[in-house]
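# Just a sequence and a predicted model for now, questions to come.
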Amino acid sequence: MSDALKFEEIDGQIGVLTYDVPDKKVNTLSKAIVAELAAHVDKLEQRSDLRGLLFRSGKPGQFIAGADLNELGAMAYATREQVDEAISTGHALFNRISRLPFPTVALIDGNCMGGGTELVLSMDYRIASDSSKTKIALPEVKVGLIPGWGGTQRLPRLIGVNYAIEMITSGEPVSAADAVERGLVFDAVPAERLIEDGCRLIEYARESSEWQQNRTIRSQPLGLTEDQANFAFAIAEGVVHSKTKGQYPAPLAALKAIKDGVNRTLDEGLAIERELALDVVGSPISANLIGVFFMQNQLSRDSGIEDSSVAPREVNRVGVLGAGLMGAGIATAHARRGVPAVMVDVDNEQVAAGLGRARHVVESRLKIGRATPQDMADMLSLLNTSTSKEVYGDCDVVIEAVPEIESLKTKMYAELAGAMRDDAILASNTSTISITRMAESAPNAERFIGMHYFSPVDRMQLVEVIRGEKTTDETTATIVALAKRIGKTPIVVNDCPGFLVNRVLLPYMNESLLLLQEGADMDAIDKAATKFGMPVGPIALNDMVGIDVAYYAGKVVAEAYSDRAVASPILADLVEAGRLGKKSGAGFRKFAGKKGRPSPDPDFAQFLEKHRTGDKEFPAKELEDRLFLPLLLETTRCLEDNIVREPAHADMGLILGIGFPPFRGGILRWCDTVGAAEIIEKLKPYDSLGKRFEPTDSLKQLAETNGKFYPPPNGK
């Protein structure tokens, strides 16, 4: 039996049950905790002498973080019977809590997630602390599940169908203030007043008998008219379909549970929830999303190095060289997260433009309610500018963000040598150029590293941290810690042309051009990619990132891997003609109007026709194979070449860097789902296309042994 729950009494009248998992930073719900809670409920059911019960966390600023992570991971491999038992146990326990012989009040201070939210929904009242750390959510759909301990039935009965649909199908948290407004909590008060106000609420409930009336009402059908139900759920289904494109079944299953259950009794609704929960638990998509969740958690704890004795250095000030789109974005990202930064460019005009870009980042968030005027003031107070590199004298890290021209970058390093401190770290925001080679021009090769941000910096979570041959563990650990400090997800990769993301992405991008030359329709190519789950197709992506950017990056990677790269001349012709994609108004498609939406461009035909190699019509499945098999093979080569340390780093790099569909779990997890042997069969029709479709040694080994990149636990 666990000892995470402690019962006390206030004046022998009000019980206080405190939840505090020993030796853990957060409280999570596990089988052992549920059993311990059930034992307390056994005793509480006999306490008709109590006036009420307060339930609280013993960890200030931390309420319940949700499910135990190890048990959540096991859900991907659980049998239907095991899942049924877990759901039924939760339903039975929370039903008992909802029927205790006195009013119950949850005192929420900090994150209240998943099963923790379903627990407090079974209580009569909830009071939240007014701290910014207090968030309440049912995030199950984010890992391919639905709230299965009563959330789909109790929440709409408490706050109404529309708010409940929004919370459950999005999985997004609400603040304490929003929770009060929606009726999810009774009030939001300072944390130190929670006990006092909880006792007062119990007395109010006793005097008014409201708690008993509410229990009766919330156990009955919600009573929506047919018109109300049809309207609410028709709109919700449209919104969910538009966001998920039918590729994520959990939000729709949760919506169905709400729709089918709220106009029945609570017990009938819970039975419906149980059946729908059983349908999604253990599905391949849920298993993949749980896998992604674990990979994210693993990366959040990863120091980037193997030697645990090496600690990152403290970073008090960051310098950024270059006030262009990337430089301004990088400087702003640091200042917004409380890291003082100074941005340098050649003249006041460039610096002013960079400062304007910084302001625009926060202004865009102000418009959608994700920032306040104070956030703008705080950011500007921490972001300084200059035209002199001498200001780098007190910087612990300097990040170079000048254009992707090696000669320009190395020239800058010579100038920085006299301005930076001898012990400062120099990082390059390069997307393809060798860190090891450029280190020869850096002030100190041991303190030189790649720090590849993705555009737009304020939205893209990934940072590739690239080690050169001489980069030290301390330098690597310091940059990894800095990236995390500003809210990014760093992945450490070893130096090679294209690093991880561009090395893997460019074969996919290039294959789309070869398909175009062979006769495939442009829209069909993009549709095959988006149907697979990519946010945009490869042709559209060229136009979005800039055809010149794609061309020059592609040249670097193609030259390095010439044994399997097949050049397409289309990009070079478009660059020469000034058709650079969306930023120039035309590329593969044309962009017009205020929003610059893409549309077919007849003028593109002349660039394609002179490079046509065929007029074949491609089935959708062949387009999918041609696009994603080279991407998979190049990822396996990155593992074989030790560019990344483990499969999870490669998969998360592609999910965060290029938008690889999370519901597939990453390209390597997709391979596991299909099976390595089946992948090799898929490759056979493309033997004539050469080495880029040749199975790699690691893939062949997995096929021979029926192995996986992610072996299931205990041989399941």
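That came in fine, so what should we check first?

# So which residues of the stretch 601-716 of the chain form strands?
In the stretch 601-716 of the chain, no strands are defined using DSSP state E, counting those that start in this stretch.

# what ranges do the helices span in it?
With DSSP state H, counting those that start in this stretch as the criterion, the stretch 601-716 of the chain has helices at 605-609, 620-640, 647-658, 667-674, 676-683, 697-705.

# right, and the ones you listed - which one's nearest Lys6?
Among the helices of the stretch 601-716 of the chain, helix 647-658 comes nearest to Lys6, with 37.8 Å by C-beta to C-beta. For every residue, glycine as well, the C-beta is placed using N, CA and C.

# what's the angle between the closest one and helix 667-674?
Taking axes from the mean of the first three to the mean of the last three C-alpha atoms, to 10 degrees, one finds helix 647-658 and helix 667-674 inclined to each other by 110 degrees.

# still on that earlier bit, of the helices of the stretch 601-716 of the chain, flag the one that's most buried.
helix 647-658 (a mean of 24; mean count of other C-beta atoms under 10 Å).

# C-alpha coordinates for that helix, PDB please?
Extracted C-alpha coordinates of helix 647-658, given in PDB (Å, rounded to 0.1, in the frame of the first residue of the first chain):
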ATOM      1  CA  PRO A 647      15.800   6.600 -32.900                       C
ATOM      2  CA  ALA A 648      13.700   8.900 -30.700                       C
ATOM      3  CA  HIS A 649      16.000  11.800 -31.500                       C
ATOM      4  CA  ALA A 650      15.600  11.300 -35.200                       C
ATOM      5  CA  ASP A 651      11.800  10.900 -35.000                       C
ATOM      6  CA  MET A 652      11.300  14.000 -32.800                       C
ATOM      7  CA  GLY A 653      13.600  16.000 -35.000                       C
ATOM      8  CA  LEU A 654      11.400  15.300 -38.000                       C
ATOM      9  CA  ILE A 655       8.100  15.800 -36.100                       C
ATOM     10  CA  LEU A 656       9.300  19.200 -34.700                       C
ATOM     11  CA  GLY A 657      11.400  20.200 -37.700                       C
ATOM     12  CA  ILE A 658       9.300  19.300 -40.800                       C
END
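
# Need the residues that contact it.
292, 294-296, 298-299, 454, 460-462, 464, 489, 491-493, 500-501, 504-505, 534, 631, 635, 638-639, 644, 660-662, 665-669, 709-710 (C-beta atoms under 8 Å, 6 or more residues apart in numbering).

# Adding mean pLDDT and distance to Val351, write the helices of the stretch 601-716 of the chain out as CSV.
CSV is the format used below for those (pLDDT from 0 to 100; distance: least, C-beta to C-beta, whole Å):
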stretch, mean pLDDT, distance to Val351
helix 605-609, 94, 38
helix 620-640, 97, 38
helix 647-658, 97, 30
helix 667-674, 97, 41
helix 676-683, 98, 51
helix 697-705, 97, 49
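
# just checking, what packs against the lowest-mean-pLDDT helix or strand in the chain?
Within the chain, no helix or strand scores below helix 69-74, which has a mean of 82 by mean pLDDT, DSSP states H and E. In terms of contacts (3 or more C-beta pairs under 8 Å, 6 or more residues apart in numbering; DSSP states H and E), helix 69-74 is packed against helix 284-301.

# about what we covered before: which one of the helices of the stretch 601-716 of the chain lies closest to Met544?
helix 647-658 (11.6 Å).

# ok now do the closest residue to Tyr686 other than its chain neighbours, which residues does it touch?
Leaving aside its sequence neighbours, Tyr686 sits nearest to Phe693 (C-beta to C-beta, 6 or more residues apart in numbering; 4.0 Å). Taking C-beta under 8 Å, 6+ apart as the contact definition, Phe693 lies against Leu629, Pro630, Leu633, Leu683, Tyr686, Asp687.

# can you check Ala439 too?
Applying C-beta under 8 Å, 6+ apart to Ala439 gives the contacts Ala445, Phe448, Gly468, Glu469, Lys470, Thr471.

# ok, so of these, who is nearest Leu383?
For the contacts of Ala439, the nearest to Leu383 is Phe448 (24.6 Å; C-beta to C-beta).

# What are the phi and psi values at the closest one?
Dihedral pair for Phe448: phi -120, psi 140, per degrees, to the nearest 10.
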